[in-house]
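[1] kindly return the folded structure for what I paste below:
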Amino acid sequence: MSVVFTRNTTDAINLLSPALPSGTSVITYASEHHANLLPWRQHHAAVLPVATSAQETLEVTASAMRAAPRGPLLLAVTGASNVTGEIWPLAELVRLAHAHGARVIVDAAQLAPHRAIDLAALDADYLALSGHKLYAPFGAGALVGRPDWLDAARPYLCGGGAVRHVSIDDVTWSTGPARHEAGTPNLFGIAALAAACNCLAGVGMDNVACHEAGLLDRLFDGLHDLPSATVYSIWPPGHDRVGVVSFNIEGFVHGQLAAILSSEYGIGVRDGSFCAHPLVDRLTGHDRQSGGAVRASIGVGSSAGDVDRLLDALRQIVTEGPAWRYRLVAGRYVPEPDTRPRPRFANLDM
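    Numbers count the residues shown, from 1 in each chain. Predicted structure coming up:
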């Protein structure tokens, strides 16, 4: 396996896409993050609809592989949905793909921080991940995978470090990771990524998964006790998932609810369509005016107190409404008036 260091998962997948052999067909899913949808459009790509169960996903994938054109074939699939947290049946999909002569790339951006990944046991051909999802700083990620397609492809970037020899009218490119890592690497980011992986390994990913499972149950129970809450899932209840929950509260636009939680309660959530528009459109009813959701994320540093604080805030918002008024500014809800003191940076008033 080669390990090519990149900026993030998006960069890693975009590196692999032009490295596919000519005539490669790609199979992926409408539930994918845009980073695992858009790069494949330069190839013959089949985007499978969102299935109603993991078993149906396997069935439609098998059907698509049987119908795929002859030639190289790649299955591009997420490890865990960045919208709902549901874990995909990776082992079954890898076995299915290999039985049809296809390779597999796993978008592990959302899976890697929450579950152990044994790439050798999984037998996936490629895996992409981001350091910042693993609690490292922004700016470093990796593409891990088989070297043959990467060694045969044009370098992702042309420049110093990617070459063996350059003349006035010719160049001999390197093979291995150096072929696609031209320029000065993000050494601090790579070191931080390694440190984050070592730290999580020290904690134990089984411990992380157990910790998150208890908090997820606590959060789901609280949301289900709110009659006005809708929690989104791709598949039936009970499917294994990581610490990601997307929901809406009746009577509140997702952006407004996120602004209230932030401004009045100091709780950070994400809102919108999470770079997964086709899936969020399907889950929320294709209402693009208000389509979107609020996403709460649970990680290794989350606590029961954090979950209870979010649930208490939601109950108060539902029963009492927001304490402040909000208006849309450049597509975002902001308090009006905003009486909070502005932060001071470097002794300068902002």
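[2] give me the neighbour count for Ile13.
    26 (other CB atoms under 10 Å). Heads up, the C-betas are built off the backbone N, CA and C, glycines and all.
[3] what ranges do the strands span in the stretch 1-150 of the chain?
    Assigned by DSSP state E, counting those that start in this stretch, the stretch 1-150 of the chain shows strands spanning 2-6, 25-29, 44-48, 73-78, 103-107, 126-130, 141-145.
[4] which residues in this structure form helices?
    For the chain, helices defined by DSSP state H occupy the ranges 9-16, 54-67, 90-99, 119-122, 147-152, 187-203, 205-224, 254-265, 277-284, 304-320.
[5] the strands of the stretch 1-150 of the chain: which one's closest to Ala162?
    Comparison of the strands of the stretch 1-150 of the chain against Ala162 by CB to CB identifies strand 2-6 as nearest, at 11.1 Å.
[6] helices or strands next to that closest one in the packing?
    Contacts defined by 3 or more CB pairs under 8 Å, 6 or more residues apart in numbering; DSSP states H and E place strand 2-6 against helix 9-16, strand 141-145, helix 147-152.
[7] now with 6 Å, please.
    strand 141-145 (3 or more CB pairs under 6 Å, 6 or more residues apart in numbering; DSSP states H and E).
[8] check the offset of the strand it packs on from the chain's centre.
    How far strand 141-145 lies from its chain's middle: 14 Å, per CA atoms, centre = their mean, to the nearest Å.
[9] average model confidence for it?
    In this model, strand 141-145 carries a mean pLDDT of 98.
[10] hmm, who's touching it?
    Residues outside strand 141-145 that contact it (CB atoms under 6 Å, 6 or more residues apart in numbering): 1, 3-9, 12, 15, 125-131.
[11] for it, which positions count as buried?
    Within strand 141-145, the residues scored as buried using 16 or more other CB atoms under 10 Å are Gly141, Ala142, Leu143, Val144, Gly145.
[12] can you add distance to His239 and give those residues back as a markdown table?
    What follows is the buried residues of strand 141-145, written out as a markdown table (distance: CB to CB, whole Å):
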| residue | distance to His239 |
| --- | --- |
| Gly141 | 27 |
| Ala142 | 28 |
| Leu143 | 28 |
| Val144 | 26 |
| Gly145 | 27 |
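[13] from those, which is closest to Gly301?
    Taking CB to CB as the measure, Gly301 sits nearest to Gly141 out of the buried residues of strand 141-145, at 20.9 Å.
[14] what's the distance between that closest one and Leu283?
    For Gly141, the distance to Leu283 equals 27 Å [CB to CB, to the nearest Å].
[15] what do you get for Gly255?
    Going from Gly255 to Leu283 by CB to CB gives 17 Å.
[16] these two: who's more crowded?
    Per other CB under 10 Å, whichever of Gly255 and Leu283 has more neighbours is Leu283, with 23 against 18.
[17] how about that one, what does it touch?
    Counted by CB under 6 Å, 6+ apart, Leu283 has contacts Tyr232.
[18] so how far is Arg295 from it?
    Leu283 is 12 Å from Arg295, by CB to CB.
[19] one more: Asp125?
    Shown here: Asp125 relative to Arg295, a distance of 30 Å by CB to CB.
[20] break this structure down into its domains, please.
    Domain segmentation of the chain under automatic domain parsing yields 2-149+186-202, 205-344.
[21] let me have these in CSV, extended by distance to Asp170.
    What follows is the domains of the chain, written out as CSV (distance: least, CB to CB, whole Å):
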stretch, distance to Asp170
domain 2-149+186-202, 22
domain 205-344, 41
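[22] so which of those is the most packed in?
    With neighbours taken as mean count of other CB atoms under 10 Å, those reach their highest mean count in domain 2-149+186-202, at a mean of 19.
[23] what about it, how long is it end to end?
    Counting by CA to CA, to the nearest Å, you get 24 Å between the two ends of domain 2-149+186-202.
[24] all numbers from here: first residue = 376
    With 376 as the first residue, the last one maps to domain 377-524+561-577.
[25] chain center to it, what's the gap?
    10 Å.
[26] likewise for stretch 568-580?
    19 Å.
[27] right, so of the helices of the chain, which gets closest to Ser406?
    Proximity to Ser406 (CB to CB) singles out helix 652-659 among those, at 4.3 Å.
[28] coming back round to it: please identify which of the domains of the chain is closest to Asp544.
    Asp544 sits nearest to domain 377-524+561-577 of all the domains of the chain, at 23.7 Å, using CB to CB.
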